[in-house]
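Novice: here is a sequence together with a model predicted from it:
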Amino acid sequence: MVALWQGRNFGGVKRTLIEDVQNLSDWNFDKRAQAIGVHYGPSFNLWTSFTPTVTFLGDDPNAGSLTLGPGVWPDLSQFNWGGRIKSVQFNLNLPVAMGSLDPNTGRHITVPALPVSTIAPIPLVLDAWTDYSPYPEPEGYPPGKRIQLVEASASLRGEYGDEFNDSIKTIRLRRGPDYGGFDVARLCRDDNYVAGYLEYGPSNQIVYSDWGFSGPQTSSVYFTEPPRMPAGPLQMRALSIPAWLQSLTQPLGI
(Lines give C-alpha, C1' and ligand atoms only; values in the text may rest on other atoms or scores of the structure.)
Protein backbone atom coordinates (compact mmCIF):
# COMPACT_ATOMS: atom_id res chain seq x y z
CA MET A 1 0.00 0.00 0.00
CA VAL A 2 1.24 3.50 -0.88
CA ALA A 3 0.61 6.68 1.08
CA LEU A 4 1.42 9.97 -0.69
CA TRP A 5 1.69 13.06 1.52
CA GLN A 6 1.35 16.67 0.45
CA GLY A 7 3.87 17.98 2.98
CA ARG A 8 7.40 17.01 3.86
CA ASN A 9 7.78 14.88 6.99
CA PHE A 10 4.29 13.45 6.34
CA GLY A 11 2.42 16.71 6.85
CA GLY A 12 -0.73 17.97 5.21
CA VAL A 13 -3.30 15.83 3.42
CA LYS A 14 -2.61 12.44 1.85
CA ARG A 15 -3.77 9.88 -0.68
CA THR A 16 -3.70 6.12 -0.07
CA LEU A 17 -3.40 3.75 -3.05
CA ILE A 18 -3.50 -0.02 -3.49
CA GLU A 19 -3.42 -0.25 -7.29
CA ASP A 20 -2.10 1.49 -10.41
CA VAL A 21 -3.08 5.12 -10.98
CA GLN A 22 -2.49 6.56 -14.43
CA ASN A 23 -3.26 10.16 -13.58
CA LEU A 24 -3.22 11.60 -10.08
CA SER A 25 -5.14 14.64 -11.28
CA ASP A 26 -8.25 12.43 -10.97
CA TRP A 27 -7.39 12.23 -7.28
CA ASN A 28 -6.61 15.99 -7.01
CA PHE A 29 -3.01 15.06 -6.20
CA ASP A 30 -1.15 15.65 -9.44
CA LYS A 31 2.49 16.61 -8.70
CA ARG A 32 1.70 17.32 -5.05
CA ALA A 33 3.50 14.50 -3.22
CA GLN A 34 6.44 15.58 -1.06
CA ALA A 35 6.71 12.42 1.09
CA ILE A 36 5.94 8.73 0.55
CA GLY A 37 5.31 5.62 2.59
CA VAL A 38 5.29 2.20 0.89
CA HIS A 39 3.71 -0.10 3.48
CA TYR A 40 3.52 -3.85 3.88
CA GLY A 41 -0.04 -5.07 3.38
CA PRO A 42 -1.55 -8.24 4.84
CA SER A 43 -0.84 -10.16 1.59
CA PHE A 44 2.80 -9.09 1.27
CA ASN A 45 4.17 -12.48 2.33
CA LEU A 46 2.65 -14.07 -0.80
CA TRP A 47 5.65 -12.76 -2.74
CA THR A 48 8.58 -15.05 -1.95
CA SER A 49 10.74 -14.98 -5.10
CA PHE A 50 11.17 -11.17 -5.22
CA THR A 51 10.16 -8.02 -3.35
CA PRO A 52 7.26 -6.09 -4.93
CA THR A 53 8.01 -2.46 -5.68
CA VAL A 54 6.15 0.66 -6.80
CA THR A 55 7.27 2.91 -9.68
CA PHE A 56 6.43 6.63 -9.72
CA LEU A 57 6.48 8.67 -12.93
CA GLY A 58 6.25 12.37 -13.75
CA ASP A 59 4.85 14.27 -16.72
CA ASP A 60 7.24 12.60 -19.18
CA PRO A 61 7.76 8.85 -18.66
CA ASN A 62 11.02 9.17 -20.62
CA ALA A 63 12.40 11.73 -18.16
CA GLY A 64 13.15 9.25 -15.41
CA SER A 65 11.36 7.22 -12.78
CA LEU A 66 11.46 6.51 -9.06
CA THR A 67 11.02 2.92 -7.86
CA LEU A 68 10.60 2.17 -4.16
CA GLY A 69 10.06 -0.91 -2.04
CA PRO A 70 8.76 -1.00 1.53
CA GLY A 71 9.96 2.02 3.48
CA VAL A 72 9.28 5.68 4.23
CA TRP A 73 10.74 8.80 2.62
CA PRO A 74 9.90 12.02 4.51
CA ASP A 75 11.40 14.39 1.91
CA LEU A 76 11.38 13.53 -1.81
CA SER A 77 13.29 16.69 -2.72
CA GLN A 78 16.53 15.10 -1.50
CA PHE A 79 16.61 13.07 -4.72
CA ASN A 80 14.74 15.57 -6.92
CA TRP A 81 11.29 13.98 -6.82
CA GLY A 82 9.35 16.46 -4.70
CA GLY A 83 6.23 17.70 -6.49
CA ARG A 84 6.83 15.59 -9.61
CA ILE A 85 4.75 12.43 -9.27
CA LYS A 86 1.88 12.10 -11.73
CA SER A 87 1.29 8.34 -11.98
CA VAL A 88 1.84 5.23 -9.86
CA GLN A 89 2.53 1.66 -11.00
CA PHE A 90 2.68 -1.40 -8.72
CA ASN A 91 5.30 -3.95 -9.83
CA LEU A 92 3.77 -7.25 -8.70
CA ASN A 93 4.72 -9.61 -11.52
CA LEU A 94 8.43 -9.02 -12.11
CA PRO A 95 11.25 -7.56 -10.00
CA VAL A 96 12.15 -3.93 -10.70
CA ALA A 97 15.32 -2.39 -9.27
CA MET A 98 14.74 0.17 -6.52
CA GLY A 99 16.07 3.69 -6.84
CA SER A 100 15.93 6.75 -9.07
CA LEU A 101 16.65 6.15 -12.75
CA ASP A 102 17.79 8.76 -15.28
CA PRO A 103 17.29 7.22 -18.76
CA ASN A 104 19.31 9.97 -20.45
CA THR A 105 22.50 9.12 -18.60
CA GLY A 106 21.66 5.57 -17.55
CA ARG A 107 22.44 6.58 -13.99
CA HIS A 108 20.65 4.60 -11.26
CA ILE A 109 20.74 6.20 -7.81
CA THR A 110 20.04 4.09 -4.74
CA VAL A 111 17.54 5.77 -2.45
CA PRO A 112 17.91 4.87 1.25
CA ALA A 113 14.73 4.17 3.22
CA LEU A 114 13.60 4.23 6.82
CA PRO A 115 11.68 1.25 8.29
CA VAL A 116 7.97 1.16 7.59
CA SER A 117 4.94 -0.16 9.44
CA THR A 118 2.47 -2.81 8.27
CA ILE A 119 -1.04 -1.74 7.28
CA ALA A 120 -3.28 -4.58 8.50
CA PRO A 121 -5.89 -5.82 8.65
CA ILE A 122 -7.58 -4.59 5.46
CA PRO A 123 -11.12 -6.01 5.51
CA LEU A 124 -12.54 -3.56 2.95
CA VAL A 125 -11.45 -1.15 0.23
CA LEU A 126 -13.59 1.94 -0.27
CA ASP A 127 -13.40 4.11 -3.39
CA ALA A 128 -15.26 7.41 -3.07
CA TRP A 129 -15.98 10.09 -5.69
CA THR A 130 -17.27 13.64 -5.42
CA ASP A 131 -19.79 13.31 -8.25
CA TYR A 132 -22.61 11.02 -9.36
CA SER A 133 -22.54 8.17 -11.87
CA PRO A 134 -24.00 4.66 -11.69
CA TYR A 135 -21.85 3.26 -14.49
CA PRO A 136 -18.34 1.79 -14.03
CA GLU A 137 -15.92 3.18 -16.60
CA PRO A 138 -12.13 3.51 -16.98
CA GLU A 139 -10.17 5.44 -14.38
CA GLY A 140 -11.28 9.00 -13.89
CA TYR A 141 -14.95 8.04 -14.06
CA PRO A 142 -17.35 8.70 -12.34
CA PRO A 143 -16.67 12.40 -12.74
CA GLY A 144 -15.22 14.27 -9.80
CA LYS A 145 -12.23 13.66 -7.58
CA ARG A 146 -11.48 10.31 -5.98
CA ILE A 147 -10.02 8.88 -2.79
CA GLN A 148 -9.36 5.29 -1.72
CA LEU A 149 -9.59 4.15 1.90
CA VAL A 150 -8.39 0.91 3.51
CA GLU A 151 -8.52 2.24 7.07
CA ALA A 152 -11.02 4.22 9.06
CA SER A 153 -10.81 8.01 8.75
CA ALA A 154 -12.05 10.14 11.64
CA SER A 155 -11.97 13.24 9.43
CA LEU A 156 -11.99 13.20 5.63
CA ARG A 157 -11.27 16.92 5.66
CA GLY A 158 -8.24 16.50 7.90
CA GLU A 159 -6.75 13.49 6.08
CA TYR A 160 -7.73 14.07 2.44
CA GLY A 161 -8.65 17.75 2.13
CA ASP A 162 -11.61 20.13 2.30
CA GLU A 163 -12.94 18.99 -1.08
CA PHE A 164 -13.86 15.58 0.37
CA ASN A 165 -15.86 16.80 3.34
CA ASP A 166 -19.65 16.62 2.82
CA SER A 167 -19.07 15.88 -0.87
CA ILE A 168 -18.95 12.07 -1.30
CA LYS A 169 -21.70 11.20 -3.80
CA THR A 170 -20.63 7.88 -5.33
CA ILE A 171 -18.82 4.90 -3.78
CA ARG A 172 -17.58 1.39 -4.51
CA LEU A 173 -16.91 -1.00 -1.63
CA ARG A 174 -14.81 -4.11 -2.27
CA ARG A 175 -13.65 -7.01 -0.13
CA GLY A 176 -10.10 -6.68 1.12
CA PRO A 177 -7.68 -9.52 1.86
CA ASP A 178 -8.91 -9.68 5.49
CA TYR A 179 -12.63 -9.62 4.78
CA GLY A 180 -14.34 -11.63 7.49
CA GLY A 181 -17.81 -12.07 6.04
CA PHE A 182 -19.57 -9.44 8.15
CA ASP A 183 -17.43 -6.34 7.67
CA VAL A 184 -19.16 -3.14 6.62
CA ALA A 185 -18.31 0.50 6.03
CA ARG A 186 -20.15 3.29 7.79
CA LEU A 187 -20.24 6.68 6.11
CA CYS A 188 -20.75 8.95 9.10
CA ARG A 189 -22.31 12.38 9.06
CA ASP A 190 -19.78 14.20 11.27
CA ASP A 191 -16.14 13.84 12.23
CA ASN A 192 -15.25 11.10 14.73
CA TYR A 193 -18.04 8.76 13.50
CA VAL A 194 -20.99 10.57 15.12
CA ALA A 195 -24.36 12.14 14.16
CA GLY A 196 -25.72 9.20 12.14
CA TYR A 197 -24.41 7.05 9.31
CA LEU A 198 -25.17 5.08 6.17
CA GLU A 199 -23.95 1.47 6.24
CA TYR A 200 -22.74 -0.57 3.26
CA GLY A 201 -21.50 -4.08 2.57
CA PRO A 202 -19.00 -4.98 -0.18
CA SER A 203 -21.00 -5.19 -3.42
CA ASN A 204 -18.07 -4.31 -5.73
CA GLN A 205 -20.45 -2.01 -7.62
CA ILE A 206 -20.47 1.75 -8.07
CA VAL A 207 -23.50 3.06 -6.18
CA TYR A 208 -24.87 6.34 -4.91
CA SER A 209 -24.04 7.40 -1.39
CA ASP A 210 -27.31 9.19 -0.88
CA TRP A 211 -28.14 11.25 2.20
CA GLY A 212 -31.44 12.28 0.65
CA PHE A 213 -32.66 15.77 -0.15
CA SER A 214 -30.12 17.34 2.20
CA GLY A 215 -27.29 16.28 -0.12
CA PRO A 216 -23.97 14.53 0.62
CA GLN A 217 -22.93 14.75 4.27
CA THR A 218 -20.17 12.20 4.85
CA SER A 219 -17.38 13.56 7.07
CA SER A 220 -15.80 10.36 8.45
CA VAL A 221 -15.64 6.66 7.55
CA TYR A 222 -15.54 3.66 9.88
CA PHE A 223 -14.81 0.01 8.99
CA THR A 224 -15.31 -3.48 10.45
CA GLU A 225 -18.47 -3.12 12.49
CA PRO A 226 -20.99 -5.99 12.16
CA PRO A 227 -24.06 -5.08 10.09
CA ARG A 228 -26.93 -3.61 12.05
CA MET A 229 -30.42 -2.56 11.01
CA PRO A 230 -31.10 -0.20 9.39
CA ALA A 231 -28.23 -1.02 7.04
CA GLY A 232 -28.32 1.89 4.62
CA PRO A 233 -29.90 1.66 1.16
CA LEU A 234 -33.00 -0.51 1.02
CA GLN A 235 -31.72 -2.71 -1.78
CA MET A 236 -28.59 -3.58 0.18
CA ARG A 237 -30.63 -4.29 3.29
CA ALA A 238 -32.84 -6.71 1.37
CA LEU A 239 -29.86 -8.56 -0.06
CA SER A 240 -28.46 -9.08 3.43
CA ILE A 241 -31.49 -11.13 4.62
CA PRO A 242 -30.54 -14.83 4.76
CA ALA A 243 -32.58 -17.22 2.62
CA TRP A 244 -33.68 -19.25 5.62
CA LEU A 245 -35.10 -16.11 7.26
CA GLN A 246 -36.98 -15.17 4.12
CA SER A 247 -38.57 -18.63 4.00
CA LEU A 248 -39.77 -18.20 7.59
CA THR A 249 -41.40 -14.85 6.92
CA GLN A 250 -43.18 -15.79 3.70
CA PRO A 251 -46.08 -17.72 5.36
CA LEU A 252 -46.76 -14.67 7.53
CA GLY A 253 -47.04 -12.38 4.50
CA ILE A 254 -44.12 -10.24 5.58
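Specialist: Cool, got the structure. Numbers count the residues shown, from 1 in each chain.
Novice: shaky segments in the stretch 1-150 of the chain?
Specialist: 133-142 (pLDDT under 70).
Novice: again, 50 this time
Specialist: Within the stretch 1-150 of the chain, no stretch has pLDDT under 50.
Novice: what is the neighbour count of V88?
Specialist: 23 (other C-beta atoms under 10 Å). Backbone N, C-alpha and C define where each C-beta goes, glycine included.
Novice: distance of it from Y193?
Specialist: Applying C-beta to C-beta, to the nearest Å, the value for V88 to Y193 is 29 Å.
Novice: likewise L68?
Specialist: With C-beta to C-beta as the criterion, L68 and Y193 are 33 Å apart.
Novice: who has more neighbours, these two?
Specialist: L68 (22 against 19).
Novice: who is that one paired with across the strands?
Specialist: Following DSSP bridges, L68 is listed with bridge partners V54.
Novice: what do you get for T16?
Specialist: For T16, the beta-bridge partners are A3 (DSSP bridges).
Novice: if the residue nearest in space to the middle of the chain is in a bridge, with which residues?
Specialist: With the centre of the chain defined as its mean C-alpha position, the nearest residue by C-alpha atoms, centre = their mean is Q148, 2.1 Å away. Note on Q148: beta-bridge partners D127, judged by DSSP bridges.
Novice: give me every residue that touches it.
Specialist: 15-18, 125-128 (C-beta atoms under 8 Å, 6 or more residues apart in numbering).
Novice: buried residues of stretch 97-115, list them for me.
Specialist: By neighbour count on 16 or more other C-beta atoms under 10 Å, the buried set for stretch 97-115 is 98-101, 111, 113.
Novice: need the residues that contact it.
Specialist: 53, 62-74, 79-81.
Novice: at 6 Å instead, please
Specialist: Outside stretch 97-115, the residues within contact range by C-beta atoms under 6 Å, 6 or more residues apart in numbering are 53, 64-67, 69, 71-72, 79.
Novice: so what's the gap between that stretch and the chain middle?
Specialist: 26 Å (C-alpha atoms, centre = their mean, to the nearest Å).
Novice: end to end on that stretch, go ahead and measure it.
Specialist: One end of stretch 97-115 to the other measures 18 Å (C-alpha to C-alpha, to the nearest Å).
Novice: what residues go with each domain of this structure?
Specialist: 2-109, 125-239 (automatic domain parsing).
Novice: before we move on, back to that, from N104, how far out is the residue nearest to the centre of the chain?
Specialist: With C-beta to C-beta as the criterion, Q148 and N104 are 33 Å apart.
Novice: try L17
Specialist: 28 Å.
Novice: one more: Q78?
Specialist: On the measure of C-beta to C-beta, Q78 and N104 end up 20 Å apart.
Novice: same check on G176?
Specialist: 40 Å.
Novice: also Y160?
Specialist: In terms of C-beta to C-beta, Y160 sits 36 Å off from N104.
Novice: so which of the contacts of stretch 97-115 comes closest to I36?
Specialist: V72 (7.2 Å; C-beta to C-beta).
Novice: surely the closest one touches S117?
Specialist: No: V72 lies out of contact with S117 (C-beta atoms under 6 Å); the separation is 8.5 Å.
Novice: neighbour-wise, which of those two wins?
Specialist: Taking other C-beta under 10 Å, V72 and S117 do not tie; V72 has more neighbours (18 against 10).
Novice: so how far is L17 from that one?
Specialist: 15 Å.
Novice: and what of R146?
Specialist: 10 Å.
Novice: these two: which has the busier surroundings?
Specialist: Here R146 and L17 are compared on neighbour count by other C-beta under 10 Å; more neighbours surround R146, at 24 against 19.
Novice: residues in contact with the spatially closest residue to N91 that is not a sequence neighbour?
Specialist: What sits nearest to N91 in space, not counting adjacent residues and going by C-beta to C-beta, 6 or more residues apart in numbering, is T53, at 4.6 Å. Remark: with contacts taken as C-beta under 6 Å, 6+ apart, T53 is in contact with 67, 69, 91, 96, 98.
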